[in-house]
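Enquirer: 3D, please:
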Amino acid sequence: MRARHPQMGVVLTAQHRAGRLAFAREHQDWQICHWRLVLFTDESRFTLSTCDRRDRVWRRRGERSAACNILQHDWFGSGSVMVWGGISLEGRTALHVLTRGLTAIRYRDEILRPLVRPYAGAVGPGFLLMQDSARPHVAGVCQQFLQDEGIEAMGWPARSPDLNPIEHIWDIMSRSIHQRHVAPQTVQELADALVQVWEEIPQETIRHLIRSMPRRCREVIQARGGHTQY
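Expert: Residues are numbered from 1 along each chain as shown. Reported below is the predicted structural model:
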């Protein structure tokens, strides 16, 4: 055996595992024609300090603290940008940059009404909105809006980022920003860079991730509702 960094995972209670297992069993036999109707959505926060602990340095013994071997990282002084996006087999929404904290009213007025509703109309009958159980998402005003518009939201299990393929898109975007020769220096530059990276992600990458949904469900079942490699 060799020492390795542990895989990070959310805390799962017995109730979480049961919910995940029930979802996976219900959707394990879904075909691509079913997943084609789903818009996978999520919010994510990106910071100007993009240290992801993947950097390595070559050094001699005793040189650990040498200036050339230190990756400087400001944990508290950097700005951040929160974004919302949605992906599907056939396309994606615009990336929405949240200038303030997300509330139920803002979620309805800035995301559901201008972004999700037109997308649902384009997809047509059978459209399904995948959103997690964050408080603004399940607030009464948002549920009422979806009901009034005839938009159905999937029953999504709590604590299940590994089931949502958009999580991999956030990772791709973070890596892309981190690997730029000139990193964003301001919050506005970071926001502009995120929108650009979002638009440049090949649709085939998104399709590949969504096609993995049957495997994700099978892994959840195999793990009895526990963590998966995703």
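Enquirer: Name the spans of this structure whose pLDDT lies under the cut-off.
Expert: When residues are selected by pLDDT under 70, those of the chain lie in 1-8, 50-59, 63-78.
Enquirer: Which parts of it are helices?
Expert: 14-27, 32-35, 104-106, 117-123, 135-138, 140-149, 166-178, 187-200, 203-210, 213-222 (DSSP state H).
Enquirer: and the third one, what other elements does it pack with?
Expert: For helix 104-106, the helices and strands in contact under the criterion 3 or more CB pairs under 8 Å, 6 or more residues apart in numbering; DSSP states H and E are helix 135-138, helix 140-149. Just so you know, the C-beta spots here come from the backbone N, C-alpha and C atoms, and that holds for glycine as well.
Enquirer: Need the residue closest to the centroid of the chain.
Expert: By CA atoms, centre = their mean, the chain has its centre lying nearest to residue 167, at 3.1 Å.
Enquirer: picking up where we left off before, just put the helices of the chain in JSON lines and tack on distance to residue 155.
Expert: Formatted as JSON lines, the helices of the chain follow (distance: least, CB to CB, whole Å):
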{"stretch": "helix 14-27", "distance to residue 155": "7"}
{"stretch": "helix 32-35", "distance to residue 155": "14"}
{"stretch": "helix 104-106", "distance to residue 155": "19"}
{"stretch": "helix 117-123", "distance to residue 155": "17"}
{"stretch": "helix 135-138", "distance to residue 155": "11"}
{"stretch": "helix 140-149", "distance to residue 155": "13"}
{"stretch": "helix 166-178", "distance to residue 155": "18"}
{"stretch": "helix 187-200", "distance to residue 155": "27"}
{"stretch": "helix 203-210", "distance to residue 155": "18"}
{"stretch": "helix 213-222", "distance to residue 155": "14"}
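Enquirer: wait, which of the ones you listed is closest to residue 41?
Expert: helix 166-178 (6.9 Å; CB to CB).
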